[in-house]
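K.L.:
What shape does this take:
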Amino acid sequence: MKIRQSKPVELEALLDIWLRSVRATHAFLTESDIQALLPIVRDHALPNLELWVLCSDDSEPIGFMGVSEGSIDALFIAPEHLRRGGGRVLVEHARRIKGTLRVDVNEQNPEAIKFYLANGFQVAGRSPVDDGGRPFPLLHMREGKIPALMPHQLTLRKAELGDRAAIAGFNRAMALETEGKALIPELIAAGVQRLLNQPSLGFYLVAERDGKVVGCLMVTHEWSDWRNGLFWWIQSVYVEPASRRQGVYRRLYDFIRELVQADPGVCGFRLYVEKENAVAQKTYGSLGMAQTDYLLYEELKPGVRYFQEPD
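P.N.:
Just a heads-up that it's a prediction; the model follows:
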């Protein structure tokens, strides 16, 4: 692979790479979202960026990057060439010509976040919308050490109705990040609101910093006749990427443990974890939870659909 500056005649080819790459990697965008972005990319972004092209051995473009002073403004690889080191080659080139870098990444694109983390970037901030004001949150990432916020700056509380949008958004991000599932927005929004309106179903616990919710979990109930008590089930655990590795989940977990210890009608708490999520399993084990002898089975009613099938 080699890198060179783009040529004006290649704009259509680069637009094709952008379109195919977005369809392959941005599962949170609908086709109508992509079509709305297409003229913006074609008529404004690509013509005005400093573009560098990643070429195959026969000099055909297989990816490209747009840069400005100290910033990666775009980086896209053709789907058939993903995970072959091309993205890393482009980042290293940007570092050589622009120095210390920053980049904005869609929060709903976990693979891109992992890529930049692996290439030396850290999350420095977050915006709830993208540069066009659309409801696609951005993580602001940059190279270099980011001062960590301390966990004692958190406020923990039971969620209120005003938290429903944040909680629904966290659920959608979690499902996409951990299972590759795009939850149906109106269904998860209704599910969150129903629990908030019916405390008998359970409750949400949220972690808040500077007036912004940065993490949450849900607790539901299961009666154990063997123990003559309730189990609390911890579910829907999510901490926004910018607040991870700062003790947020530990604070939530400790708060739940304190509530359980104070309630004589509760005999313990449980959770289930996606079997491929080794990081989460390690976290729960480090907090003192033990794996049980049970496997989880379920049977959904016919017609129950909670996530969007890929196009």
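
K.L.:
Any idea how many residues pack against Ile234?
P.N.:
Neighbourhood size, Ile234 [other CB atoms under 10 Å]: 20. C-beta: built from backbone N, CA, C; applies to glycine.

K.L.:
for the protein, which strand is longest?
P.N.:
strand 212-224 (DSSP state E).

K.L.:
Distance from that strand to the middle of the chain?
P.N.:
Centre-to-centre, strand 212-224 and its host chain are 19 Å apart (CA atoms, centre = their mean, to the nearest Å).

K.L.:
Next one: Glu240 from Leu139, what distance?
P.N.:
Taking CB to CB, to the nearest Å as the measure, Glu240 falls 9 Å from Leu139.

K.L.:
try Lys212
P.N.:
With the distance defined as CB to CB, Lys212 ends up 14 Å from Leu139.

K.L.:
looking at this, Gln235 is in a strand?
P.N.:
Yes: Gln235 sits within a strand when classified using DSSP: H, G, I helix; E, B strand; the rest coil.

K.L.:
neighbours around it, how many?
P.N.:
Residue crowding around Gln235 was assessed by other CB under 10 Å; the count is 15.

K.L.:
Any stretches of the stretch 201-311 of the chain with poor pLDDT?
P.N.:
Counting by pLDDT under 70, the ranges of the stretch 201-311 of the chain that qualify are 310-311.

K.L.:
Show me where it has its helices.
P.N.:
Per DSSP state H, counting those that start in this stretch, the stretch 201-311 of the chain has helices spanning 248-262, 278-286. These are given in chain order.

K.L.:
and Lys181, what does it touch?
P.N.:
Shown in contact with Lys181 (CB atoms under 8 Å, 6 or more residues apart in numbering): 175, 307.

K.L.:
Under the pLDDT cut-off, which ranges of the stretch 1-150 of the chain? List them.
P.N.:
Low-confidence segments of the stretch 1-150 of the chain, defined by pLDDT under 70, are located at 145-150.

K.L.:
What ranges does it have for its helices?
P.N.:
If you assign secondary structure with DSSP H, counting those that start in this stretch, the helices in the stretch 1-150 of the chain sit at 11-25, 31-40, 46-48, 86-98, 110-118.
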